[in-house]
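> Predicted coordinates and the sequence they were generated for:
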Amino acid sequence: MAERVEQEEIFSQVLRAGRRTYFFDVRATKADDYYLTVTESKKFTHDDGTFHYQKHKIYLYKEDFTDFHEMLKKATDYIIAEKGNEVISERHQKDFKKEEPKTDTDVKSADSFTDVSFDDI
C-alpha cells in the first residue's frame, strides 16, 4: 500500500469542543486541486497525569461535497427537530435522570431468565 503523504494546509480552521478538537484543513492534490480533511483529535489523560491524543480523519473530495453537505444538513436538522438545541446528557446537566422503563414488564430481573446447564454442550 502506498504511503499517503500529507500536503501542506492551504486553509485551516479549528473548532475546540471540550476534550475534542476538530481541524478542517484544505489541502491540494498532486494535480493542484483542493480537498478537505476533517480531523477529530481527542485528549485522553492517564492516571499518572500524562496524556495522549487519539485522532480520526476523513478525506472529503469535491465530487462528494454536495451529497455530504445535504446528508449532514438532513441529519443535523433531524436531531434538532427531534431533540431541540438543548444538550441532553449526564455531563451537561447535573439533574439529568435517565428515563425509567414505564412498566415492570419492561424490566427483566435475573430471576426471569431460564437456568441453562452448559454441561450438556
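On my side now, so go ahead. Residues are numbered from 1 along each chain as shown.
> residue ranges of the strands in the chain, please?
Assigned by DSSP state E, the strands in the chain fall at 11-17, 20-28, 34-45, 51-61.
> In a markdown table: those strands, plus distance to residue 69, mean neighbour count and mean pLDDT.
No exception for glycine: its C-beta is placed from N, CA and C like everyone else's. Shown next, in a markdown table, are the strands of the chain (distance: least, C-beta to C-beta, whole Å; neighbours: other C-beta atoms under 10 Å; pLDDT from 0 to 100):
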| stretch | distance to residue 69 | mean neighbour count | mean pLDDT |
| --- | --- | --- | --- |
| strand 11-17 | 16 | 10 | 96 |
| strand 20-28 | 13 | 15 | 96 |
| strand 34-45 | 11 | 14 | 94 |
| strand 51-61 | 10 | 11 | 94 |
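> Nearest to residue 84, out of those strands?
strand 11-17 (18.8 Å; C-beta to C-beta).
> Extract the C-alpha trace of that closest one and format it as CSV.
Output of strand 11-17 as CSV, limited to C-alpha atoms (Å, rounded to 0.1, in the frame of the first residue of the first chain):
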residue,chain,number,x,y,z
PHE,A,11,-6.7,27.0,4.5
SER,A,12,-7.4,25.8,8.1
GLN,A,13,-10.0,26.2,10.8
VAL,A,14,-10.0,24.8,14.3
LEU,A,15,-13.1,24.1,16.5
ARG,A,16,-12.3,23.4,20.1
ALA,A,17,-15.1,21.5,21.8
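> and of the strands of the chain, who's closest to residue 80?
Using C-beta to C-beta, the nearest of the strands of the chain to residue 80 is strand 11-17, at 17.1 Å.
> packing partners for that closest one?
Packing contacts for strand 11-17, counted by 3 or more C-beta pairs under 8 Å, 6 or more residues apart in numbering; DSSP states H and E, involve strand 20-28.
> So what are the sheet partners of the strand it packs on and their directions?
strand 11-17 (antiparallel), strand 34-45 (antiparallel) (DSSP bridges).
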